[in-house]
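# Sharing a model prediction with you, sequence too.
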There are 2 protein chains.
Amino acid sequence: MITIKDIARRAGVSHTTVSRALRGDARITADTTERILQLAEQLGYIPNSIAQSLNAQRTNTIGMLVTSVADPVVMDFMEGAEEIAQERGYCIFLSTSRNDPVREFHIVETFQRRRVDGVIVVASRSGVQYGLALDRIQVPLVLLDSEEIHDSHPAVNVDNIGGAAVAVRHLLALGHRQVGYIGATDRPLTNLKRLAGYTETLQQAGIPVAPNWVINPVADDDIQRGRLGLEHCLAAGVTAIFCYNDQIAISVLNSCYHKGIAVPQQLSVAGFDDIRPASYVNPPLTTVRQPLQQMGRTGMEMVLALIEKRTVQNQRLDCTLMVRASTSTAPVR
Amino acid sequence: MITIKDIARRAGVSHTTVSRALRGDARITADTTERILQLAEQLGYIPNSIAQSLNAQRTNTIGMLVTSVADPVVMDFMEGAEEIAQERGYCIFLSTSRNDPVREFHIVETFQRRRVDGVIVVASRSGVQYGLALDRIQVPLVLLDSEEIHDSHPAVNVDNIGGAAVAVRHLLALGHRQVGYIGATDRPLTNLKRLAGYTETLQQAGIPVAPNWVINPVADDDIQRGRLGLEHCLAAGVTAIFCYNDQIAISVLNSCYHKGIAVPQQLSVAGFDDIRPASYVNPPLTTVRQPLQQMGRTGMEMVLALIEKRTVQNQRLDCTLMVRASTSTAPVR
DNA sequence: TTGTACGCGTTATCAA
DNA sequence: TTGATAACGCGTACAA
């Protein structure tokens, strides 16, 4: 691969002159600049940003650590983050932890070796489960939709309590008085918040939450959680179910379909996230929309701000209710 | 950030010794090695792989260029590719072209500046539309599910003709004699192959394809294509529709739902890809499964092979039919 | 306006 | 067993 020295030799100048000419330094004659540019083009010169990085002590690189790429929520985060990164001339290192804290730690270490300018950690739950592995990091780090006990790093989150509340208020407004909640235990803190929004809203409406309305199924994935949760809720006699997320809600819809339960006529179902499939399942899912792409953009903007030594504030974005066809007025008893 | 020289100074040795000790060189005394390792740990030393890369003339980095992250097909490609990369100690630079050939060219250029060891281009169609921008690249490049006129680069693809054929044979076996095809014009070559598989299969069964059975809707996205395509096919009087991909098929399912057309009782619908939502829409979609993650893994393995100067062969992977609930016996007329 | 010399952090070669 | 030195490709302070 050809370097500025090669060009310098061909042009009969020093590599310094070439370096300057290539970057349009005004001190170099228009003549020699022109000659050098042509030579560079001719030889197919491609600047070596590794060398530039070593020199400049920055790589224009962001490490993005996600639990899984094949998660519809993560997907939109990435879309948003990548958009901003590309705009600002940064490249993204993508790596997946598969929810393994050991792997997560290892990846952050790798990012640091590669001297990324900043890191975004998406949907991590290891802070709450395994302590503060991320605390020893020496570059700007932003948590995106992650669970942390301390405010050790700037974070972007949504208003989970408010989001849950608006969904439950919607169900109340439709006349439901027995409302179930299907939770997920793999994101304990977020689950607690959505549960809190659910509980508070019902209580404010003068409805005490019956213990058997709430279920946190013990299961490996959301499909299972939906199935198990539905069984439980049906036994509890609810007329509507608010689910921790869309994947669970969609699983509930499917189970209903197979059991011959008409949604929303016999049972209303609401989710959380507004992942893309939510709008094209049958019936289309009423859900709480997180501004996923916006969160990705905001997260990226925050790391970039930190890199530029600007101070940032934690961001808590608002959710909006998307009313679709999976919820309707409560059946008369 | 602390370097081997810092450690050397503290330890009273040369930086060379530190470098060796850190990498377990047998020539260094166990004593000093131990001392240096401790010092490194103490000071929080993190090796600088930028410097290592500059020296070694390789970065252990793969550039992955995709059209969009928020595409369920691409998502699985990435999942597979990332898995292999991580196994082999490579990091992935992720960048999106948004189907813009200019951007695509720019990104490949950026990858080369960053001295990636190899590049994977996913789902590109620019080869066929805009000539050979990728031909000037100076590092190993593998095309994954992309459309190229020439065999300028090693490629991983599926058997599109065979896949389409197996889907149509399935519909024929169910007794359908009027089968429609809804295509997509944004992937012209792939579309042609799937169309070919469809046409050949029908002809082999002695069924001439009526011109109005086939429609390539002029639209911006697959949702539109599904809607428009369905209208056309209904007018043509088909009893089953084979769609270019799952997104279109799912859109068809939705339109049917809204129009009160019972699937599969009145109309059978089949797709291509087997993206994740395919199994949880209602009714679950019969479709041709591409081994997406496997393709991602294979693509990554191919670049790595090229990097190691091994020769590789184009890969054409097989598809399998996933029979679900969106297809059944043809209605009696 | 151009060139010399040095530094970025690491590894490799050669000498001691 | 250890160290001095050069090299990777580039940018920059200083000198000419």
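Looks like it came in fine.
# Grab the nearest non-local neighbour of A:Thr17.
Once flanking residues are discounted, A:Thr17 sits nearest to A:Ile28: 6.3 Å by C-beta to C-beta, 6 or more residues apart in numbering or on different chains. In this view, the C-beta of every residue, glycine as well, is placed from N, C-alpha and C.
# wait, I meant A:Cys233
Distance criterion C-beta to C-beta, 6+ apart; nearest residue to A:Cys233, sequence neighbours excluded, is A:Gly180 at 3.7 Å.
# Hmm, A:Gly183 and A:Trp213 touching each other?
No - under the criterion of C-beta atoms under 8 Å, A:Trp213 is not in contact with A:Gly183, lying 11.2 Å apart.
# Can you report how many residues lie near A:Ser255?
Neighbours of A:Ser255 under the rule other C-beta atoms under 10 Å in any protein chain shown: 18.
# in what helix or strand does the residue nearest to it when sequence neighbours are not counted lie?
Sequence neighbours aside, A:Leu230 is the residue nearest to A:Ser255 in space, at 4.8 Å (criterion: C-beta to C-beta, 6+ apart). Using DSSP states H and E, A:Leu230 falls within helix A:222-236.
# what comes up buried for that helix?
A:Asp222, A:Ile223, A:Arg225, A:Gly226, A:Arg227, A:Leu228, A:Gly229, A:Leu230, A:His232, A:Cys233, A:Leu234, A:Ala236 (16 or more other C-beta atoms under 10 Å in any protein chain shown).
# So what touches the next helix or strand along the chain from it?
Next helix or strand after helix A:222-236 toward the C-terminus (DSSP H and E): strand A:240-243. By C-beta atoms under 8 Å, 6 or more residues apart in numbering or on different chains, the residues outside strand A:240-243 that reach it are A:164, A:167-168, A:171, A:174, A:176, A:178-182, A:198, A:226, A:229-230, A:233, A:249, A:252, A:267-272, A:327, A:330.
# Stretch A:87-99 now?
By C-beta under 8 Å, 6+ apart, stretch A:87-99 touches A:60-69, A:78, A:81-82, A:85, A:103-104, A:107, A:110-111, A:114, A:116-117, A:124-126, A:186, A:304, B:64, B:78-79, B:82-83, B:86, B:91-95, B:110, B:114.
# Equivalent analysis for stretch A:246-260, please.
The contact list for stretch A:246-260 (C-beta under 8 Å, 6+ apart) reads A:72, A:182, A:184, A:222-227, A:229-230, A:241, A:243, A:262-263, A:267, A:269-275, A:277-278, A:281-283, A:285, A:287, A:326, B:280, B:282.
# go on, stretch A:220-230?
A:180, A:182-184, A:215, A:217-219, A:241, A:243-245, A:247-252, A:254-256, B:280.
# For A:Ile2, list the residues it contacts.
A:Ile2 neighbours (C-beta under 8 Å, 6+ apart): A:Leu43, A:Gly44, A:Tyr45, A:Ile46.
# Just the buried ones out of these, please.
Buried among these by 16+ other C-beta under 10 Å: A:Tyr45, A:Ile46.
# what about the helices in the stretch 201-333 of chain A?
With helices called from DSSP state H, counting those that start in this stretch, the stretch 201-333 of chain A shows them at A:222-236, A:246-259, A:292-307.
# which one of the ones you listed lies closest to A:Pro154?
A:Pro154 sits nearest to helix A:292-307 of all those, at 5.6 Å, using C-beta to C-beta.
# other SSEs contacting the closest one?
On a contact count with 3 or more C-beta pairs under 8 Å, 6 or more residues apart in numbering or on different chains; DSSP states H and E, helix A:292-307 meets helix A:72-87, strand A:118-122, strand A:141-144, strand A:155-158, strand A:315-317.
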